[in-house]
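Asker: Here is my input, please return the structure:
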Amino acid sequence: MQPPPFRIGPLTIDQPFALAPLAGYTDLPFRLLCREFGAGLVYSEMISCHGLVYDQNKTKEMIATVLKEQPLALQLFGSEPEIMAQAAALIDKEPVAIIDINMGCPVRKVIKKGAGSALMQSPRLAEEIIRQVVAVTRKPVTIKIRTGWNHHAINGPEFAQMAEEAGAAAVAIHARTWSDGFSGPVDYGVIARVKEAVTIPVLGNGDIHSYDQGLTLMQETGCDGVMIGRAALGAPWIFSPTINIEPSRNLRLKALSRHLQLIEQYLPAERLLGKIKNHAAKYVKGIPGSSTFRRKIFEQTSFKDLLAYIYSLLQDK
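Answerer: Just a heads-up that it's a prediction; the model follows:
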């Protein structure tokens, strides 16, 4: 079944499966790869509002984009409304489709700064951030949240209502609390309650490991789209309705080789070799002899050698 498209502001999202923002992973090559496999919307890694405002080179590299990956949502994080607005004004000049505000990250170094999930404890501050960001951009502004701070403070539906009233064009919700981190049971019931609470589109997120699971989530909660994060690592075909849950060895290796080609085209591959090996090793999970393949991947001493090794596996039928 092909789910219907939905709109975020003036944008039509043809395929309602989105690549979630993942720190250290959702860079330009991986976003392009997921778009090629069918993702209808892709999100950048979390981008520091201070990094943008203070013109830091590393942050500027993170907002690089190309037309082929659109629609792209750039995700900002921070806790100071004025700085977030300044950063959003800078993004407004960039060729991206959406500005997303992270209000769901559970990582402690983000929480300590009052950003990410911490904002779910401070809805008035969160509202001011949304209002100030909306005021300085022509792009749709969206948010990503959790169900609440902990299981005694489930405020996702009320928080989403506040966001809509403040001008947010869509909300994505990870079906866990801050206290759950990335483990523990998900509560898809809260996604359904968020959908009932607002008129803007809702994307559901959390423990979706296949395209069919995503369809089931949409049917059971009424959400407009599905956001997939960690399950897409080493498995970008998760966004395709036509590929089996357990793809062939050849498909896995072709996807990996394409990923490496995109890395070679857009990133300083040799400098990022350790990160690239980590990505590459995920693709061989489930292949017979995968432990040997992973060991060989990590033995390669240059990007050129890694690329040659993967090509050799493709030729070895």
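Asker: from memory Ala250 sits against Gln315, does it?
Answerer: No, residue 250 isn't Ala; it's Asn. No - using CB atoms under 8 Å, Asn250 is not in contact with Gln315; the gap is 10.8 Å. Where you see a C-beta, it was placed from the backbone N, CA and C, and this is true even at glycine.
Asker: In terms of packing, which of the two has more residues around it?
Answerer: Ranked by neighbour count (other CB atoms under 10 Å), Asn250 and Gln315 place Asn250 first, with 12 against 7.
Asker: List the buried residues of the one helix or strand the more buried one maps to.
Answerer: In the assignment (DSSP states H and E), Asn250 maps to helix 249-266. Within helix 249-266, the residues scored as buried using 16 or more other CB atoms under 10 Å are 249, 252-260, 262-264.
Asker: And those residues, which two are furthest apart?
Answerer: Between any two of the buried residues of helix 249-266, the greatest separation by CB to CB is 22.5 Å, found for Arg249 and Glu264.
Asker: how about the nearest residue to His151, chain neighbours excluded?
Answerer: Counting by CB to CB, 6 or more residues apart in numbering, His151 lies nearest to Thr177, which is 5.9 Å off, once chain neighbours are set aside.
Asker: Next secondary structure element downstream of the helix holding Asn250?
Answerer: Assigned by DSSP H and E, the successor of helix 249-266 is helix 273-283.
Asker: Show me what the helix or strand following that next one is packed up against.
Answerer: Per DSSP H and E, the first helix or strand lying C-terminal to helix 273-283 is helix 290-299. Judged by 3 or more CB pairs under 8 Å, 6 or more residues apart in numbering; DSSP states H and E, the packing partners of helix 290-299 are helix 273-283, helix 303-315.
Asker: Distance to Ile111 for the ones you listed - can I get that in CSV?
Answerer: As requested, the helices and strands packed on helix 290-299 are exported to CSV (distance: least, CB to CB, whole Å):
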stretch, distance to Ile111
helix 273-283, 24
helix 303-315, 35
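Asker: In CSV: those, plus mean pLDDT.
Answerer: Shown next, in CSV, are those (pLDDT from 0 to 100):
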stretch, mean pLDDT
helix 273-283, 95
helix 303-315, 93
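Asker: circling back to that earlier point, list the residues that contact the residue nearest to His151.
Answerer: By CB atoms under 8 Å, 6 or more residues apart in numbering, Thr177 lies in contact with 146-151, 153-154.
Asker: Fine by me, thanks again.
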